[in-house]
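Engineer: give me a model of this one.
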Amino acid sequence: MEGFWAVFFPVLRIWFTCVVVLIMLPAMFGISLGITETYMKLLIKSLEWATHRIQRASRAEEILKHSASNGLIQRDNSSLEQEIEELRRNRPKSAERGDFTLSDVLYFTKTGIESIVEDDVTQRFTSEELVSWNLLTRTNNNFQYISLRLTVLWGVGVVVRYGILLPLRITLTAIGLSWLVIGTTMVGFLPNFRVKGWLSELVHVMCYRICARGLSATIHYHNKQNRPKRGGICVANHTSPIDVVILANDSCYAMVGQVHGGLMGVVQRAMERSCPHIWFERAEMRDRHLVTQRLRDHVNNKTKLPILIFPEGTCINNTSVMMFKKGSFEIGGTIYPVAIKYDPQFGDAFWNSSKYSMVSYLLRMMTSWAIVCNVWYLPPMTQQVRDQAENDKVAVISSTTSELPHFCATMLMRLITPSLTHFLCAQEGEDAVQFANRVKSTIAQQGGLVDLAWDGGLKRAKVKDSLKEQQQKKYSHMVVGDDSSD
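Structural biologist: Below is the predicted model:
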């Protein structure tokens, strides 16, 4: 037994020395020694070779490629009215009059069957389908023997991931979290001078960089000139809890979230001592006005860090962006959109919280090949409103044209400059919901994600009755016609 400990402690000392010198210290200062880059090059070559072997062994991969990208159900972007009118094309008179047509039943039947087979919502709460197997057992549950070389490569990968990468990543994560708690606690005892804020940001960024190295994260940041500034609100699509690590690896943010207990509670309290993060009790989270006021007070202080918020409220599977809650867009101030897109070839970053606990999820991340993602900083956006000068111009034009005959008023409007015509016809700007949808569409377009109007809360709740009533009202309007009354 003494001989075991005589060997164990020197090996452990060498292990920690290599981790600290070769990985942790370079990560803290944003320096790369090329270890991760070399590992990624070897990994890409291995996966390309494996993909080639799989495709050569079976052309069924081509079928999988198309089904993964297009889905089982082929849908178009037609609305309810357009599709029903297409079914009524043999009865144009009834379509104009708005009478009920028996063929309307076919639309609802088809839509219902499509939703049972594959709907646009629930499939966003499961892992994304891969084009080709990436040598992870969990991404190929129906794995069949393909070739001896591929089986040997898979076996070597298991040894590397669980025998080398997993202990290394656990070590780095433990060091990163420990340094976060210790560093922020020490900074918290300093007086509130400018140096305290600088040290707090330095500690946060260093710790997140260590944790990112613990996941073998390769992050590509684009358009860094658009990085969120103080007094602003950073909103991003949400795929995983590690989204925070990905973003905070490049800049420091004020976090918003619910107060937790246990280890997470210890980390939250330590972080709050050195930086003005915003943590809410469960009862406070239900008070929407209280939450909005605290966030607004933070944004109004231009010396505080930008707030990081994920308006979807839940994790979506890296293929789409779902409805943004309007609360983040009622605060006011400047919104800094950020699009995050992970590469599923190296590891599935999506957290299915209804299926895996946080510990199970982190274990899956630490036994993946790597975390590779792109982050796009988009230009800042503000809510579109019409100022008082524009309103005065509209009032003058409206009062002038209202006193003229209809023909003269029309001719006058044609002579008015296009900008003033726009002011007259425009609404009083956009509300919080419209602003949130505009930001969401911008993020989806940049990240190559599907823009969905559904609420991510459907991950755990049933469809709201109001959504059903909207569809019922649309169809009722078609049947009853324009003469219907509320």
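Engineer: how about the helix or strand harbouring Arg364: buried residues?
Structural biologist: Assigned by DSSP states H and E, Arg364 belongs to helix 358-366. Judged by neighbour count (16 or more other C-beta atoms under 10 Å), helix 358-366 contains these buried residues: 361-362, 364-366. (C-beta placed from N, C-alpha, C; glycine too.)
Engineer: where does Lys462 land on pLDDT?
Structural biologist: Listed pLDDT for Lys462 reads 68.
Engineer: cool, and the one 10 residues further on?
Structural biologist: Reading off the per-residue confidence, Gln472 sits at a pLDDT of 72.
Engineer: ok, the one 4 residues further on next?
Structural biologist: Ser476 is assigned a predicted lDDT (pLDDT) of 72.
Engineer: what segments of the stretch 101-250 of the chain are strands?
Structural biologist: Taking DSSP state E, counting those that start in this stretch, the strands of the stretch 101-250 of the chain run over residues 217-222, 233-236.
Engineer: which of these sits most buried?
Structural biologist: strand 233-236 (a mean of 26; mean count of other C-beta atoms under 10 Å).
Engineer: which outside residues touch it?
Structural biologist: For strand 233-236, the external contacting residues (C-beta atoms under 8 Å, 6 or more residues apart in numbering) are 228, 243, 247, 253, 295, 299, 306-311, 324, 328, 331, 333-340, 439, 443.
Engineer: next one: stretch 256-274
Structural biologist: Looking at what lies outside stretch 256-274 - C-beta under 8 Å, 6+ apart - the contacts are 177, 180-185, 187-189, 196, 199-200, 203-204, 255, 277-282, 285, 295, 307-309.
Engineer: do that again at 7 Å, thanks
Structural biologist: Surrounding stretch 256-274, the residues in contact under the criterion C-beta atoms under 7 Å, 6 or more residues apart in numbering are 177, 180-181, 184-185, 187-188, 200, 203, 277-282, 285, 307-309.
Engineer: tell me the first helix or strand C-terminal of whatever helix or strand Cys18 lives in.
Structural biologist: Using DSSP H and E, Cys18 sits within helix 2-19. Using DSSP H and E, the helix or strand that follows helix 2-19 in sequence is helix 25-28.
Engineer: only the buried residues of that next one, if you could.
Structural biologist: 26-28.
Engineer: any buried residues in stretch 446-458, and which?
Structural biologist: Going through stretch 446-458 with 16+ other C-beta under 10 Å, the ones that come out buried are 446-447, 449, 452, 454-458.
Engineer: nearest to Ser216 among these?
Structural biologist: Gly447 (21.9 Å; C-beta to C-beta).
Engineer: the nearest residue to the closest one once chain neighbours are set aside in helix, strand or coil?
Structural biologist: With C-beta to C-beta, 6 or more residues apart in numbering as the measure, Ala339 is the residue that lies nearest to Gly447, at 3.6 Å, once sequence neighbours are left out. Following DSSP: H, G, I helix; E, B strand; the rest coil, we place Ala339 in the strand state.
Engineer: verify the stated contact: Ala339 with Ile443.
Structural biologist: Yes: here Ala339 reaches Ile443: they are 4.6 Å apart, a contact under C-beta atoms under 7 Å.
Engineer: quickly list what's touching both of the two.
Structural biologist: When C-beta under 7 Å, 6+ apart defines a contact, the residues bordering Ala339 and Ile443 alike are 237, 378.
Engineer: can the strands of the stretch 101-250 of the chain go into JSON lines with extra columns for distance to Ser127 and mean pLDDT?
Structural biologist: Converted to JSON lines, those look like this (distance: least, C-beta to C-beta, whole Å; pLDDT from 0 to 100):
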{"stretch": "strand 217-222", "distance to Ser127": "19", "mean pLDDT": "91"}
{"stretch": "strand 233-236", "distance to Ser127": "20", "mean pLDDT": "92"}
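Engineer: where's the closest residue to Glu201 other than its chain neighbours relative to Tyr221, distance?
Structural biologist: If the residues on either side of it in the chain are set aside, Glu201 comes closest to Cys252, at 4.2 Å by C-beta to C-beta, 6+ apart. Applying C-beta to C-beta, to the nearest Å, one obtains 14 Å for the distance of Cys252 from Tyr221.
Engineer: same check, this time on Trp351
Structural biologist: Separation of Trp351 from Tyr221 (C-beta to C-beta): 22 Å.
Engineer: for the chain, where's the lowest mean pLDDT among helices and strands?
Structural biologist: Averaged element by element with mean pLDDT, DSSP states H and E, the chain has its least confident helix or strand at helix 418-425 (a mean of 40).
Engineer: shaky segments in the stretch 351-486 of the chain?
Structural biologist: 386-429, 460-468, 478-486 (pLDDT under 70).
Engineer: would you map the strands across it?
Structural biologist: Listed in chain order, the strands of the stretch 351-486 of the chain (DSSP E, counting those that start in this stretch) span residues 371-377, 450-451.
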